[in-house]
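Asks: Okay, here's the prediction I keep looking at, along with the sequence it came from:
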Amino acid sequence: MIRYWKSGDYSENKLKHGWMPPHPTFYVRGSVYEQHGGFDTSFRIAADYDCMLRFLARANIDCAYIPSVLVKMRLGGASNRSLGNILSNKGS
């Protein structure tokens, strides 16, 4: 499957309904990591999502949407390698 995904502006409501900012282009100042913690690698495939949730929902950091393509990714990845993998990692 090949897709083009445009995230759009951030909103707290989107986040509450499962929307996730595109993690390859989620840039954060080092001071935010120092103050709110980094990646919790005990979450096998959701460390990025956990980190972004802490920054956006809990710490309420400001963010800005850049309406340009900044990253082009290859197909694959641990979280969506196959339907079986997606189902076995659900909740991880």
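Replies: Here it is on my side, so go on. Numbers count the residues shown, from 1 in each chain.
Asks: can you give me the helices in the protein?
Replies: Assigned by DSSP state H, the helices in the chain fall at 12-16, 30-36, 47-53, 83-88.
Asks: Off-centre distance for the first one?
Replies: Yep, that's helix 12-16 we're talking about. How far helix 12-16 lies from its chain's middle: 13 Å, per Cα atoms, centre = their mean, to the nearest Å.
Asks: on that earlier part again, burial-wise, tell me which of the helices of the chain comes out on top.
Replies: Mean neighbours per residue, mean count of other Cβ atoms under 10 Å, is largest over these for helix 47-53, with a mean of 17. Using the backbone N, CA and C atoms, a C-beta is placed for each residue, glycine as well.
Asks: Quick one: mean pLDDT over that one.
Replies: For helix 47-53, the mean pLDDT works out to 89.
Asks: ok so, going back, in a markdown table: the helices of the chain, plus distance to M73.
Replies: Output for the helices of the chain, formatted as a markdown table (distance: least, Cβ to Cβ, whole Å):
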| stretch | distance to M73 |
| --- | --- |
| helix 12-16 | 21 |
| helix 30-36 | 23 |
| helix 47-53 | 13 |
| helix 83-88 | 17 |
